[in-house]
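Asker: Just a sequence and a predicted model for now, questions to come.
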There are 2 protein chains.
Amino acid sequence: MNKKMKSKVTIHDVAAEAGVSFGTVSRVINNDVHVKKETRERVLDVVEKLNYVANRQARSLAGGKTNSIGVLVPDLGTGYIGEIIRGIDAELSLADLDLILYTTHRTPTKEANYVANLASGMVDGLLLVLPRQPQDLVKTMQQRRFPFVLIDHQGTGQDCPAVGAMNWSGGYNATEYLISLGHKRIGFITGSMDLGCAVDRLAGYRSALKTNHILEDEALIYEGNFDQPDGYVGASALLDLTHPPTAIFASNDVMAMGVMDAVRNRGLRVPEDISVVGFDDIPQASLVRPALTTINQPLEKMGRVATQVLLSMLENPEKETTRIELPTQLVIRDSCGKPK
Amino acid sequence: MNKKMKSKVTIHDVAAEAGVSFGTVSRVINNDVHVKKETRERVLDVVEKLNYVANRQARSLAGGKTNSIGVLVPDLGTGYIGEIIRGIDAELSLADLDLILYTTHRTPTKEANYVANLASGMVDGLLLVLPRQPQDLVKTMQQRRFPFVLIDHQGTGQDCPAVGAMNWSGGYNATEYLISLGHKRIGFITGSMDLGCAVDRLAGYRSALKTNHILEDEALIYEGNFDQPDGYVGASALLDLTHPPTAIFASNDVMAMGVMDAVRNRGLRVPEDISVVGFDDIPQASLVRPALTTINQPLEKMGRVATQVLLSMLENPEKETTRIELPTQLVIRDSCGKPK
DNA sequence: CATAATTATGTAAGCGTTTACAAATCCTTT
DNA sequence: AAAGGATTTGTAAACGCTTACATAATTATG
């Protein structure tokens, strides 16, 4: 009875204890139909008794799959990515797949490196969150026929599996909400314009203006980079105009917070003097004061859906997959009001 | 079924191309000294040329190590954990180890399950961030002699490798700062008292009071749970007292935000009427208005250090390791002022 | 210059599985 | 009761690598 703690119990141990061949044990744990019911039960009992857990590496080596999928993220700082991962994780654990996390944060060039390595057998599939330069990566993976899904990035014209949000309509709706409040001069702070989502949000803004017969003023558009300071600087520039805006729509929540900061720093109030709208609905959007009116992106759901897509690709490699866009939604809080 | 048409390049391919045996190639990629310099170079060239990447699973199987370490986290929501992971990731990638992420969020009981599985060979070591019920887990791992490090949790009396922050002195310093501002009645909202860090912060608070000859008032201590609503409810209760506090010290930033919310909801201002201090210094602490004065925990560094400790345990299993506490620091922003 | 020492390389035996394929057992059906 | 088929079980060959150990090549030694 005194078994060594250190030596792991293998499929052979189970086989011996159950009085069957290891092949049978393998069939049992893989739910192969060709096992007599009572044999299966006996084996399962022994598995339980011996506390057997199949060795993942051996399984992978023999089976040709790694049972884990790689998730490439730029960072974990803002909670934005965290939400997406939460969704990914949920789906993955349902499928009993491991999540191997790679952060490209420190070295941007690592993105390409990782993909090259990962795609050559370390994981069965890849989920790329907010990739910065997907063109080459996508090409690499496609020519290797390696399964992957892009999350929150619409490549410029590239046709590949991706899950994103309806950025255009988010931009449109937020702008239209501001217009409905009576605003005519609405400042806009863009995100990194190399990212499709930023382009789309701006396009939505423009469309809403046009639809409502408001003349677009280039001076009201400030090019930001999705970081908080851009919001501050952008808002400052906007407020310095001869005809400053009465409302500012920032392309993400973090910048919107920078905007609020700038507004207050010049002695103005949100929303009495200036209305502010963000985009994303990150957790802290409801924590700041005034609570931020913003466009909700279903972050967790994006993670879930992307994972589902990837898993279905794994099951059926031939299946044609394409871009999926999840709806965004206006969340009205306290940062907007009628213009003075 | 889905056979890979793309034959991966193996160690044998490299060996053939370089005109050596696969054993030599193995030595080269493992930096074994017993290889002639020019042979090594030739092999390396071929590796480059063929774009060879060693198969992780095979390596693990043969070598008896998985080259990856598991990280168990409760969640990724607040950015708090994200910071820690950033540190872990940095160290891990230096050591060329993979990070396998497990989130226990949805099912608390999964913690134990994961540990049982992981400890039996899926990873070489485990990093447990903010574990909720470590007692059993720790016992399991210790008796299996499985390497692990606890992050941000001081077990009640358990002697095991752990990395945390100086919660006591953080609590002490924050309280003393408030006292130095002139506050005499300082409310305190605790964290989950089953977590050592919460206990320590409270103890620090009490000590500071005592040192400064301020009589402790039990009524000023509200037991929270580290969630934002606790801050709101706690502050409300505190402000309802006959002799309400002039300052409130919340055991983490998230609760502090709840506190600010409650304060404002009764028409009071921060910091003019009530001073607020948090703990953690999460990214959004500097984003809220007024910016939160808080105790900085070196989250990323905790991740780094814990990883270093784990790696050293992997290298030298016999080495005695113990608890490490990193210093905390008061960060003064805009949420505190003199009492009226 | 032979011989021992040293260093470099080749070889074979696993590591713990999966999975064809072969062998054995159990039912049917005449 | 025996043949044929279906079902269940056993076996051996990978999977790609590490690592003793054996062997070959090189250098140093007397």
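Answerer: Here it is on my side, so go on.
Asker: Strands along chain A, start to end?
Answerer: Using DSSP state E, the strands of chain A run over residues A:68-73, A:98-103, A:125-129, A:148-151, A:162-165, A:186-189, A:221-222, A:247-250, A:275-277, A:294-296, A:323-326, A:329-331.
Asker: Okay, now the sheet partners of the last one, with direction.
Answerer: Spelled out, it's strand A:329-331. Strand A:329-331 sits in its sheet next to strand A:294-296 (antiparallel), going by DSSP bridges.
Asker: How about the fourth one?
Answerer: Based on DSSP bridges, the strands next to strand A:148-151 in the sheet, each with its direction, are strand A:125-129 (parallel), strand A:162-165 (parallel).
Asker: Please produce JSON lines containing those, extended by distance to DNA strand C, mean pLDDT and mean neighbour count.
Answerer: Just so you know, the C-beta spots here come from the backbone N, C-alpha and C atoms, and that holds for glycine as well. Shown next, in JSON lines, are those (distance: least, CB to the nearest atom of the strand, whole Å; pLDDT from 0 to 100; neighbours: other CB atoms under 10 Å in any protein chain shown):
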{"stretch": "strand A:125-129", "distance to DNA strand C": "17", "mean pLDDT": "92", "mean neighbour count": "25"}
{"stretch": "strand A:162-165", "distance to DNA strand C": "29", "mean pLDDT": "92", "mean neighbour count": "26"}
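Asker: And the residue lying closest to residue A:312 once chain neighbours are set aside, its phi and psi?
Answerer: Nearest residue to residue A:312, sequence neighbours excluded (CB to CB, 6 or more residues apart in numbering or on different chains): residue A:319, at 6.4 Å. Main-chain torsions, residue A:319, degrees, to the nearest 10: phi -60, psi 130.
Asker: if we can go back for a sec, please convert the strands paired with strand A:148-151 to CSV, extending it with distance to DNA strand D.
Answerer: As requested, the strands paired with strand A:148-151 are exported to CSV (distance: least, CB to the nearest atom of the strand, whole Å):
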stretch, distance to DNA strand D
strand A:125-129, 18
strand A:162-165, 30
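Asker: picking that back up, next one: the residue nearest to residue A:312 from residue B:12, what distance?
Answerer: Per CB to CB, to the nearest Å, residue A:319 is found 34 Å from residue B:12.
Asker: In contact with residue A:103: list those residues for me.
Answerer: By CB atoms under 8 Å, 6 or more residues apart in numbering or on different chains, the contact set of residue A:103 is A:73-76, B:85-86, B:89.
Asker: Which members of those are positioned in helices?
Answerer: By the criterion of DSSP state H, membership of the contacts of residue A:103 in helices covers B:85-86, B:89.
Asker: and those near chain A, which?
Answerer: Restricting these to those within reach of chain A (CB under 8 Å from any CB of the partner chain) leaves B:85-86, B:89.
Asker: Ranking by neighbours, what's the top pick from those?
Answerer: Greatest neighbour count in these, by other CB atoms under 10 Å in any protein chain shown, goes to residue B:85: 26 neighbours.
Asker: That one against residue B:75, yeah?
Answerer: No - counting by CB atoms under 8 Å, residue B:85 stays clear of residue B:75, with 11.3 Å between them.
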